[in-house]
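A.B. asks: Here is a sequence with its predicted model. Questions after.
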Amino acid sequence: MTVNTQPAETGSIHAINGLVSLLATFGAKANAALRTLQMARMMSTLSSMSDYQLAQIGISRSDIPKYAETLMAKE
């Protein structure tokens with residue numbers, strides 16, 4: 001029969017570390033999903049603008065993806 005020589009606190013620390021790791025992974029995935037939704041919304045908003053409005057902010061319709069990415073990078 002084996003005897004556990006580690007204090008009970010060690011198991012608790014491992015459980016807490018596992019929970020923190022799980023929450024960090026969930027947070028990273030939630031953040032990635034949020035950024036994807038924000039990017040889609042930005043692209044939709046810019047795409048719905050007229051060519052005149054796009055020209056007013058200095059971009060053409062073909063520049064929308066790059067411009068949206070630039071705006072997202074500044075956040």
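C.D. replies: Nice, thanks for sending it over. Numbering: from 1, shown residues only.

A.B. asks: tell me the mean pLDDT over the longest helix anywhere in the chain?
C.D. replies: Assignment by DSSP state H gives helix 8-47 as the longest helix of the chain. Throughout helix 8-47, pLDDT has a mean value of 88.

A.B. asks: buried set for it?
C.D. replies: Using 16 or more other CB atoms under 10 Å as the test for burial, helix 8-47 gives 42, 43, 46. All C-beta spots, glycine's among them, are computed from the backbone N, C-alpha and C.

A.B. asks: Correct me if wrong: the second one contacts residue 69.
C.D. replies: No - using CB atoms under 8 Å as the test, residue 43 is too far from residue 69 to be in contact (9.4 Å).

A.B. asks: The longest helix of the chain - contacts with which helices or strands?
C.D. replies: The contact analysis (3 or more CB pairs under 8 Å, 6 or more residues apart in numbering; DSSP states H and E) places helix 8-47 against helix 64-73.

A.B. asks: so how far is the helix it packs on from its chain's centroid?
C.D. replies: 15 Å (CA atoms, centre = their mean, to the nearest Å).

A.B. asks: Compute the inter-axis angle for it and helix 8-47.
C.D. replies: 140 degrees (axes from the mean of the first three to the mean of the last three CA atoms, to 10 degrees).

A.B. asks: Residues touching helix 64-73, excluding its own?
C.D. replies: By CB atoms under 8 Å, 6 or more residues apart in numbering, the residues outside helix 64-73 that reach it are 35, 38, 39, 42, 43, 46, 47, 54, 59.

A.B. asks: out of everything not next to it in sequence, what's closest to the fifth one?
C.D. replies: Take residue 43 and drop its neighbours on the chain: the residue closest to it by CB to CB, 6 or more residues apart in numbering is residue 68, 5.1 Å away.

A.B. asks: try the third one
C.D. replies: For residue 39, the nearest residue in space outside its immediate sequence neighbours is residue 72; the separation is 5.7 Å by CB to CB, 6+ apart.

A.B. asks: Quick check, pLDDT for the one you found.
C.D. replies: So residue 72 comes in at 86 (pLDDT).

A.B. asks: what about it, how many neighbours?
C.D. replies: 13 (other CB atoms under 10 Å).
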